[in-house]
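Colleague: Predicted model, plus sequence, below.
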Amino acid sequence: MKTETLINFLKDRKRRVISENPYKPASVVVPLVLNDYISLLLTKRSLKLNHHKGEISFPGGRTDSKDTTKTDTALRELYEEIGIPKEEVIILGPLDDYVSITNFHISAFLARIPYFCPYSFNKEEVEDIYLIPLKVFLNNPKTEIYKKGELTTINYIYEFNSLKIFGVTAKIIKDLINILEKSGFIKENYDLIF
């Protein structure tokens, strides 16, 4: 997987920054994985969790007092949830900031995991792990209008087999695909995607 052009693109781009105040800080890792082809690694959140039960999401979670950076939060959560040690993760760069409907401020970090094999994952937090081919997300997602109280937004929805990916996770994926196209990553890695 060629990533140098993508890394430079991420360094040079103006990313969307949202103030953390008054939200709860959290971070996620957006893992690109190369097994036979490039895939995104996603998890199904446990039904035991307080927020976003059973939803498909990227590994991540709330900032801990021991975390010194947002990247530390993302890497710690990745390890706690699915057992991938930070030594096996190559952070390619920051993506945009996001706010969830449950008032979490989410810092997203694009990462490369050179190879993924099933780790023992934390069943209190994660019900399952999925490697979904990147090419699945190259088609435009479905859209729907979402209303919660006075808030009205466009909700993106990706479907793969029986999985439905929506909310902040789908927004991150939509923005990521835009970045991968603009940076030339898809063209450079065409044989590993299709």
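Modeller: Here it is on my side, so go on. All values reported here derive from a predicted model rather than from experimental measurement.

Colleague: Ranking helices and strands of this protein by mean pLDDT, which lands last?
Modeller: None of the helices or strands of the chain scores lower by mean pLDDT, DSSP states H and E than strand 142-148, at a mean of 86.

Colleague: tell me the SS of residue 176?
Modeller: Three-state call for residue 176 (DSSP: H, G, I helix; E, B strand; the rest coil): helix.

Colleague: element containing the spatially most central residue of the chain, please.
Modeller: Geometric centre of the chain, nearest residue: residue 30, 3.3 Å, by C-alpha atoms, centre = their mean. Using DSSP states H and E, residue 30 sits in strand 24-34.

Colleague: just checking, what packs against that strand?
Modeller: Counting contacts by 3 or more C-beta pairs under 8 Å, 6 or more residues apart in numbering; DSSP states H and E, strand 24-34 packs against strand 38-45, strand 60-62, helix 70-82, strand 104-113, helix 167-183. (Glycine included, C-beta is placed from N, CA and C.)

Colleague: Turn the ones you listed into a markdown table, columns for mean neighbour count and mean pLDDT.
Modeller: Formatted as a markdown table, those follow (neighbours: other C-beta atoms under 10 Å; pLDDT from 0 to 100):
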| stretch | mean neighbour count | mean pLDDT |
| --- | --- | --- |
| strand 38-45 | 21 | 94 |
| strand 60-62 | 20 | 91 |
| helix 70-82 | 22 | 94 |
| strand 104-113 | 23 | 96 |
| helix 167-183 | 19 | 97 |
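
Colleague: hang on, the earlier thing: please export the C-alpha coordinates of the least confident helix or strand of the chain as CSV.
Modeller: Extracted in CSV, the C-alpha atoms of strand 142-148 (Å, rounded to 0.1, in the frame of the first residue of the first chain):
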residue,chain,number,x,y,z
LYS,A,142,-27.8,6.7,0.6
THR,A,143,-29.0,9.8,2.4
GLU,A,144,-31.9,10.6,4.7
ILE,A,145,-33.0,13.6,6.7
TYR,A,146,-32.4,13.0,10.5
LYS,A,147,-34.3,15.0,13.1
LYS,A,148,-33.6,15.0,16.8
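
Colleague: moving C-terminal of it, what's the next helix or strand?
Modeller: Following strand 142-148 toward the C-terminus (DSSP H and E): strand 151-160.

Colleague: and that next one with strand 38-45, angle?
Modeller: In terms of direction (axes from the mean of the first three to the mean of the last three C-alpha atoms, to 10 degrees), strand 151-160 departs from strand 38-45 by 120 degrees.
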